[in-house]
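>>> Give me a model of this one.
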Amino acid sequence: MALTICTAQLNVIVGDTAGNAQKIIAAARSAYEQGARLVLTPELSICGYPAEDLLLRPAFMAACDDAVKTVARELAGLKGLHVLVGHPHGTASRGKSVQVQHRYNAASVLCEGKVLETYAKRELPNYQVFDEYRYFIRGQGTCVFQVEGINVGVLICEDAWFEEPAQLAMSSGAQLLVVPNASPYHANKDDERFARMGERARAVELPLIYAHCVGGQDEVVFDGASFAVNADGKLAALAKSFEEDLFFVQAEIAPDAGPVRLSGQLAPQPDADGELWHALVLGVRDYIGKNGFPGVLLGLSGGIDSALVLAIAVDALGADRVRAVMMPSPYTADISWIDAREMAKRLGVRYDEISIKPEFEAFKASLAQEFAGLPEDTTEENIQARIRGVLLMALSNKFGSIVLTTGNKSEMATGYCTLYGDMAGGFAVIKDVLKTAVFRLARWRNANDPFGTGANPIPERIITRPPSAELRPDQTDQDSLPPYEILDGILTRYMENDMGIEEIVAEGFDRATVARVARLIRINEYKRRQAPVGIRVTHRSFGKDWRYPITGKFLA
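Residues are numbered from 1 along each chain as shown. Modelled structure (predicted):
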């Protein structure tokens, strides 16, 4: 006996309950036509994840309930089809005087127009980007339902990372575990998932299907790559990553009454840098598309950061929706002009040059009396950056395209960026990418053309020349910062892994350099609070999972 199971790996939109319902219905119908009798959708597929404080609105909860009923009604005529739909379940408060009675992160089993079972998530994550204690209470029950002779137990995301929920499902007669998920991407997360789900399957001696979502939602990206493991924990099937997919798995009951056996196709997966590239591309594509922007523009300096962002934007949106603007100052090197023009030509984007020299001279003239007798310093450097920010935002206002900022994580950490200057914009593409990874990604993209937008887009000199803001004569980044290999090593330990100064020094780093970097991180928190949202690609980004006070003295 065999059961065809389909994971509808969907890219839903937060709050589009009616649209998400129609997407689920279309996927379920297609899967049914291809023989599936069980369709799995991702965690909170009705409302999207994370819905955040929308969950506190009674009207939103009511809309989610209506959408679940719509899915059940529209699929009622498909005999024997079971669809597992993720949705919030319960009540939301109205006003300060009404207390929430219950609100769960739930999944319901729909079949022939009826809701057969509703399961409430037992384990609620409340770390990194997760904030589920704010919105949900823990479920207490289990859910096991039967499809064509196989008993299917339901867990939701975090449940599968703990022993008890799976043990309870097994004790209730489950022969197969299904796990709807909304697990944000970060580098190497897939390896962690494979290992933990394999461990869970082995612990209860049951096969498991991990049903994931895909798409960008503000700062997080969901990478898809749904998968199945057998009772021995070995990978049995793997869906595509970073794209929607109807992922089919065959479940067979062994003649000897042994464990259910899963099988299916193994989709090819990108390498580590390719995975990171696809995450950044998907994050840009969905932020721009889901928010309805007609296109993007960015300042193209001839440096590696803006070059990388331009290449990502073209892969995400196509050349016709991307505009690059070169804004030379008196300190811009000729090779910066040449390389910027060359890269724009290679990718086929609109390219314009607007000199900031007249505005810079006008600012200096206006401030001459105030600055009389004082030497030029970072003030004049920041004026140049802010002129560029004003020009880009003016173009954005006039033509509707959103400005992509081009600062990387190393700069954001240390404050090597200008408020209302290069930080001015609407979406920070490489905000969570360290400078050393910027170089690595540039070389990866030159060696690969995953979206067919052009091979070798970044001129070699952009990658090899010393990085410079070009805001004063003969300036390089290393005039102000430690070498990036050292800086990023410290940032990884101090910011991402919470190691203390003494621990980092014990690993061979210079004490004064470590203390300096730690101080720069602390004193530049006020800048980061004013930075645009950006794509999270590490397990610790400057976003929802970094919550440090602006005013504070602790440093260790």
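
>>> Can you give the domain ranges for this protein?
Following automatic domain parsing, one gets these domains for the chain: 2-265, 274-475.

>>> got TSV for these, with mean neighbour count and distance to Tyr548 too?
Heads up, the C-betas are built off the backbone N, CA and C, glycines and all. Below are the domains of the chain laid out as TSV (neighbours: other CB atoms under 10 Å; distance: least, CB to CB, whole Å):
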stretch	mean neighbour count	distance to Tyr548
domain 2-265	20	14
domain 274-475	19	12
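
>>> so can I have TSV of these showing mean pLDDT and distance to Leu487?
Shown next, in TSV, are those (pLDDT from 0 to 100; distance: least, CB to CB, whole Å):
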stretch	mean pLDDT	distance to Leu487
domain 2-265	94	18
domain 274-475	94	6
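
>>> In JSON lines: those domains, plus distance to Ala515.
Shown next, in JSON lines, are the domains of the chain (distance: least, CB to CB, whole Å):
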{"stretch": "domain 2-265", "distance to Ala515": "27"}
{"stretch": "domain 274-475", "distance to Ala515": "13"}
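
>>> and Leu404, helix, strand or coil?
Following DSSP: H, G, I helix; E, B strand; the rest coil, Leu404 is assigned to strand.

>>> Now do the contacts for it.
By CB atoms under 8 Å, 6 or more residues apart in numbering, the contact set of Leu404 is Val284, Val296, Leu297, Leu298, Val309, Ala313, Gly425, Gly426, Phe427, Ala428, Val429.

>>> buried ones in stretch 547-555?
Buried positions in stretch 547-555, judged by neighbour count with 16 or more other CB atoms under 10 Å: none.

>>> just how off-centre is that stretch within its chain?
26 Å (CA atoms, centre = their mean, to the nearest Å).

>>> What of stretch 395-415?
For stretch 395-415, the separation from the chain centroid amounts to 17 Å (computed by CA atoms, centre = their mean).

>>> first to last residue in it, what's the distance?
Length of stretch 395-415, first residue to last, CA to CA, to the nearest Å: 26 Å.

>>> Begin at 50, not 1, for the rest of this chat.
Got it, the first residue is 50 from now on, which makes the last one we talked about stretch 444-464.

>>> could the contacts of Leu453 go into CSV alongside secondary structure and distance to Pro308?
Shown next, in CSV, are these (DSSP: H, G, I helix; E, B strand; the rest coil; distance: CB to CB, whole Å):
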residue, secondary structure, distance to Pro308
Val333, helix, 43
Val345, strand, 50
Leu346, strand, 56
Leu347, strand, 53
Val358, helix, 49
Ala362, helix, 48
Gly474, coil, 53
Gly475, coil, 51
Phe476, strand, 47
Ala477, strand, 47
Val478, coil, 45
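
>>> List just the nearest of the residues you listed to Ala236.
Nearest to Ala236, judged by CB to CB, of the contacts of Leu453 is Val478 at 15.9 Å.

>>> Tell me who's in contact with the spatially closest residue to the closest one that is not a sequence neighbour.
Closest residue to Val478 apart from its sequence neighbours, by CB to CB, 6 or more residues apart in numbering: Val358 at 4.8 Å. Applying CB under 8 Å, 6+ apart, we find Val358 in contact with Leu347, Leu453, Thr455, Val478, Ile479.

>>> Shouldn't Trp326 be within a helix?
Yes - Trp326: assigned to a helix according to three-state DSSP.

>>> residues contacting it?
Neighbouring residues of Trp326 by CB under 8 Å, 6+ apart: Pro319, Ile361, Asp364, Leu490, Trp493, Arg494, Asn497, Pro499.

>>> How about Asp498?
Ala504.

>>> and stretch 593-603, what's its mean pLDDT?
On average, the pLDDT along stretch 593-603 is 90.

>>> quick one: contacts of that stretch?
Contacts to stretch 593-603, defined as CB under 8 Å, 6+ apart, come from residues 176-178, 180, 268, 544, 571, 574-575, 577-578, 585, 588-589.

>>> what about 7 Å?
Residues outside stretch 593-603 that contact it (CB atoms under 7 Å, 6 or more residues apart in numbering): Gln177, Val178, Glu268, Glu574, Tyr575, Arg578, Arg589.

>>> The residues you listed into JSON lines, with extra columns for secondary structure?
Formatted as JSON lines, the contacts of stretch 593-603 follow (three-state DSSP):
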{"residue": "Gln177", "secondary structure": "coil"}
{"residue": "Val178", "secondary structure": "coil"}
{"residue": "Glu268", "secondary structure": "coil"}
{"residue": "Glu574", "secondary structure": "helix"}
{"residue": "Tyr575", "secondary structure": "helix"}
{"residue": "Arg578", "secondary structure": "coil"}
{"residue": "Arg589", "secondary structure": "coil"}
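
>>> of these, closest to Lys447?
Glu268 (27.3 Å).

>>> Show the backbone phi and psi for that closest one.
Backbone torsions for Glu268, taken as degrees, to the nearest 10, come to phi -90, psi -10.

>>> now the longest helix seen in the chain, how far from the chain's geometric center?
Identified as the longest helix of the chain according to DSSP state H is helix 427-448. How far helix 427-448 lies from its chain's middle: 28 Å, per CA atoms, centre = their mean.

>>> If you count contacts, what does that helix end up packed against?
For helix 427-448, the packing partners by 3 or more CB pairs under 7 Å, 6 or more residues apart in numbering; DSSP states H and E come out as strand 345-348, helix 406-416, strand 451-454.

>>> hmm, try it at 8 Å
Packing partners of helix 427-448 (3 or more CB pairs under 8 Å, 6 or more residues apart in numbering; DSSP states H and E): strand 345-348, strand 371-375, helix 406-416, strand 451-454.
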